[in-house]
Every structure is written in C-alpha cells, then in structure tokens.
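Q: quick check, what structure comes out for this input:
(one chain, ligands or ions: 1)
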Amino acid sequence: VDGCFDLMHFGHFNAIRQARELGDILVAGIHSDEEIEQNKGPPVMKFAERLEVLQSCKWVDEVVTGVPYNVSAYMDNIINKHNCDFIVHGDDPSLNADGTDAYAAIKAAGRFRMIKRTEGISTTELVGRMLLVTKTHHDPEDSEPHSPTGSGSAGSSGPIAMQSAFLATSRRINQFSNNLTPAVHDKVVYVNGVWDLFHVGHVRFLKRARALGTFLIVGIFSDKEANSHMGSNFPIMNIHERVLSVLACKYVDEVIIGAPYQVSEGLLKDLNVSVVVKKPLCDLYYQHEDTEKEEYKVPRDKGILQEVESRDLLEDEDAETAIVNTGTILQRIIDHRLKYTHRNARRAAKITDYEEKKTYVQEL
Ligand code: CTP
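A: Next comes the predicted model:
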C-alpha cells in the first residue's frame, strides 16, 4: 500500500490495517516531498517526519521509500524487487497530474486490490480544520489562544474537533485494539496527554516510555479536558480520532479513553502502574507549571515519576524534525496559509466529487 501519509490520521491507519488483512506481510510505500508537491500541492509534514510515523504503525512490516505518485510506473519494482503480490488503494480515485489513473497498469495486470476508504477524514479535512483555527489569528480581540506557543484561553469557541464527520463505532475501536491486559509480572508504564495530530514527537516519546517497562498504557484526555488546557479551538482531532491514532502505534498496549487530568492514587493502583512518564515542562506549550505540579503530584511524591525527552537529537537528525509538536504544525499552516487554502480548495472539490459518486464498498 502506498501513499503520502501526510498528517497521518486514522483513515491512513485504517487503510494500512485493511491492506494487512489481505496478506501476511505488509510493505508500505511512501512518496517523496517533491512527488507530493507536484501532484497534490505542498505536504505539511516533511519526509522524515512522515516516514517515522509510518514506521511506527503496528500493521506495517516494511517501508519502501522513493515510490513515485504514478505507482504504475513503479509496478515492476514493487512486484519483483519488493516481492509484493498485490498493490492496494482505497476506493477513491488516485489521479496523476495529467488526470490519468495512477493504478491503471496495476489494474490491467490483475495486481490491484481495493479497500474501503474511511469516511469523514482526510489530510485536506485536517488542514481545513487548522485553517479555521488560524482564520482569526490576527484578530486582536482573540489573538492569544491562536499562538501555538501561547497558553490558550479556556473555552473561547469550544473544541473544533466536534465538527468531525467521522462515524465512531465500537467495531472500529475493537479493530484497532490489541485486546491485551497486563499480566501480574508486567512492569506497567503510564503516560497521559492530548495526542492531537499524532506526529513524530509523539512516536519518539511513546517509544522511550515503552522502553521503561513491558506494558504501556496511554491516557487520552477528553475534548473538553484538552480544550480547557489548550484553549482556542483545540484539539483539532476529537477524542475518537485521537484514540485510534494512538492505538495504531506499535509501542502502545492499551489506552484510557477520557483519562483524568490528575494521575491519582486510585488510577495507579487500578492499573498496577510502576512508572509514570512525562515530558519536560518546556515541551508542553499548553501546560503551566502549577497545573503540571498538580497533575503529577501523586507519582512525584511516590518517586515513580520519570521524565523522557521526545526531542533530543540523534547524530544525523534534522533539528527541525525533532521539535515538531501540535503548535509547530499549526505554525506551518499559518506561515503558508495562502498556499494551503489553494491546495485545499482544489483537493476539496475532488473529495466532494468522490463522496457524491461513491458506492458502498465492504470494509475488511
Ligand atoms: N485512505 C483511506 N481513507 C482516508 C484517507 C486515505 O482509506 N480517509 C487511503 C487511500 O485510499 C490510500 C492510502 O490511504 O490507499 C494513502 O493515502 P494518501 O495517498 O496518503 O492520501 P489520500 O488518499 O489523498 O488521503 P488524504 O486526502 O488524507 O491525503
């Protein structure tokens, strides 16, 4: 299965999950920034950032880079070099810049398999939600909450995520869940947060937290709780959407949907938690020192609180990649608002056309 996997969301994860159902090994192909720019407009997330999130998905066995947008031109490589039997795409059309079907040759060779595209989500949709946040960015009456580095003001317009058209079903959560419970001997690690716009910073943090034990439980704040700390229209993704992204990550064993803000004695006991992990305060742009003290008071007093960085650099790493967070992603949209508005207008028309013409496809 190939794609841009830009601003990776549960629609991408669900496509990968379905593709994995079709066989034994899943190879995910990813396009370069240049390929995306030429065919769809500028990607929001850089190649290295998209790659690391894709690699962290629990249904991905191998990742192949350098796959052109016109996948048909790369078919021989996919079949002969990467040993794939089938090439998968959602039921939405994927057109080259010249309007031809990117999968035409693959379909003609009988190597194509179609899966159901997930309703109510796309990169375009997410960019649209972020453009809405940035719309009043320069409004002096209401400018503070829109600053990604600002503290936010509680409840100014309510969480934007409520507008999502995603149909949350119990089956979907079940498909994404590991259905695991920690064994008595497991060393349970607990982390909590908003996990909005699931990105490379989250992946690195979760990987390091998981390495401190044998079972990682991730607490996810409700939209209301998240909004009361982040302000403005945050979170961009609603609780169901955020839950699915976190569940798709291979370092996560279980999630708490709508976790309490304060890590209480009762929670630690109920979940048999040995270690609570948090990021250094400076990393959390929406968090204040006082609330942070309250949030982690119990594990700190018990001596089981540990700090883990999500942004220290490996030697060959790009410094910009390492400092990504919800705020810096929004800042990219603010900085290139016009470019993204144009890109979205073009993409939105295609999505509407697909939505109108689509017929029912059974999901795997
Ligand atoms: N996909 C899906 N459901 C979505 C979005 C994407 O099933 N809501 C699938 C696509 O059909 C494709 C794969 O995910 O098989 C990778 O898609 P990608 O090329 O990254 O992007 P798009 O299809 O354009 O999706 P988006 O608009 O979110 O970028």
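
Q: how much space is there between the closest residue in space to Arg204 that isn't next to it in sequence and Ala19?
A: Distance criterion C-beta to C-beta, 6 or more residues apart in numbering; nearest residue to Arg204, sequence neighbours excluded, is Ser310 at 4.6 Å. Every C-beta, even on glycine, is put in place using the N, C-alpha and C of the backbone. Separation of Ser310 from Ala19 (C-beta to C-beta, to the nearest Å): 28 Å.

Q: what of Val71?
A: Val71 is 14 Å from Ala19, by C-beta to C-beta.

Q: as a check, name the ranges of all strands in the stretch 101-250 of the chain.
A: 112-115, 188-193, 215-220 (DSSP state E, counting those that start in this stretch).

Q: on that earlier part again, and the residue nearest to Arg204, helix, strand or coil?
A: coil (DSSP: H, G, I helix; E, B strand; the rest coil).

Q: pLDDT at it, what is it?
A: Looking at Ser310, its pLDDT is 73.

Q: any low-confidence regions in the stretch 201-350 of the chain?
A: 282-288, 311-323 (pLDDT under 70).

Q: for it, which residue gets nearest to the ligand?
A: Arg347 (6.6 Å; C-beta to the nearest ligand atom).

Q: got the contact list for that residue?
A: For Arg347, the contacting residues are 40-41, 122, 124, by C-beta atoms under 8 Å, 6 or more residues apart in numbering.

Q: now, which of these lie close to the ligand?
A: 122, 124 (C-beta under 6 Å from any ligand atom).

Q: tell me which entries of the contacts of Arg347 lie within helices.
A: Members of the contacts of Arg347 lying in helices (criterion: DSSP state H): Thr124.

Q: now for the contacts of Arg347, which pair is the farthest apart?
A: With distances taken as C-beta to C-beta, the most widely separated pair in the contacts of Arg347 is Gly41 and Ser122, at 13.1 Å.

Q: for the two, work out which one has more neighbours and name it.
A: Ser122 (22 against 17; other C-beta atoms under 10 Å).

Q: picking that back up, the residue nearest to Arg204 and Lys279, how far apart?
A: Ser310 is 6 Å from Lys279, by C-beta to C-beta.

Q: shared neighbours of these two, anything?
A: In contact with both Ser310 and Lys279: Phe205, using C-beta under 8 Å, 6+ apart.

Q: show me the contacts for the residue nearest to Arg204.
A: By C-beta under 8 Å, 6+ apart, the neighbours of Ser310 are 201-202, 204-205, 208, 279, 283.

Q: mean neighbour count and distance to Val53 added to the strands of the stretch 101-250 of the chain, as CSV?
A: Converted to CSV, those look like this (neighbours: other C-beta atoms under 10 Å; distance: least, C-beta to C-beta, whole Å):
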stretch, mean neighbour count, distance to Val53
strand 112-115, 18, 20
strand 188-193, 24, 16
strand 215-220, 24, 16
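
Q: quick one: contacts for Val1?
A: By C-beta under 8 Å, 6+ apart, the contact set of Val1 is 15-16, 19, 26-29, 87-89.

Q: export those residues to a markdown table and tack on neighbour count, distance to the ligand and secondary structure?
A: Converted to a markdown table, the contacts of Val1 look like this (neighbours: other C-beta atoms under 10 Å; distance: C-beta to the nearest ligand atom, whole Å; DSSP: H, G, I helix; E, B strand; the rest coil):
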| residue | neighbour count | distance to the ligand | secondary structure |
| --- | --- | --- | --- |
| Ala15 | 22 | 4 | helix |
| Ile16 | 24 | 8 | helix |
| Ala19 | 24 | 8 | helix |
| Leu26 | 20 | 12 | coil |
| Val27 | 19 | 13 | strand |
| Ala28 | 26 | 9 | strand |
| Gly29 | 23 | 9 | strand |
| Ile87 | 23 | 10 | strand |
| Val88 | 26 | 7 | strand |
| His89 | 22 | 4 | strand |
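
Q: can I get those residues in JSON lines including pLDDT and distance to Leu51?
A: Below are the contacts of Val1 laid out as JSON lines (pLDDT from 0 to 100; distance: C-beta to C-beta, whole Å):
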{"residue": "Ala15", "pLDDT": "97", "distance to Leu51": "17"}
{"residue": "Ile16", "pLDDT": "98", "distance to Leu51": "14"}
{"residue": "Ala19", "pLDDT": "98", "distance to Leu51": "18"}
{"residue": "Leu26", "pLDDT": "98", "distance to Leu51": "16"}
{"residue": "Val27", "pLDDT": "98", "distance to Leu51": "14"}
{"residue": "Ala28", "pLDDT": "98", "distance to Leu51": "10"}
{"residue": "Gly29", "pLDDT": "98", "distance to Leu51": "11"}
{"residue": "Ile87", "pLDDT": "97", "distance to Leu51": "20"}
{"residue": "Val88", "pLDDT": "97", "distance to Leu51": "19"}
{"residue": "His89", "pLDDT": "96", "distance to Leu51": "19"}
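
Q: mind listing the helices for the stretch 51-200 of the chain?
A: Secondary structure of the stretch 51-200 of the chain by DSSP state H, counting those that start in this stretch: the helices cover 75-76, 104-108, 123-134, 170-176, 200-210.

Q: highest mean neighbour count out of those helices?
A: helix 200-210 (a mean of 23; mean count of other C-beta atoms under 10 Å).

Q: and Val361, what pLDDT?
A: 87.

Q: how much does the helix ranked longest in the chain deviate in direction from helix 123-134?
A: Longest helix in the chain by number of residues, with DSSP H as the criterion: helix 337-357. Going by axes from the mean of the first three to the mean of the last three C-alpha atoms, to 10 degrees, helix 337-357 is angled at 130 degrees with respect to helix 123-134.

Q: now for the residue nearest to Val44 when sequence neighbours are not counted: which residues touch it?
A: With sequence-adjacent residues excluded and distances taken as C-beta to C-beta, 6+ apart, Val44 is closest to Leu7, at 5.3 Å. Contact partners of Leu7, counting by C-beta under 8 Å, 6+ apart, are 44-45, 123, 126-127, 197, 329.
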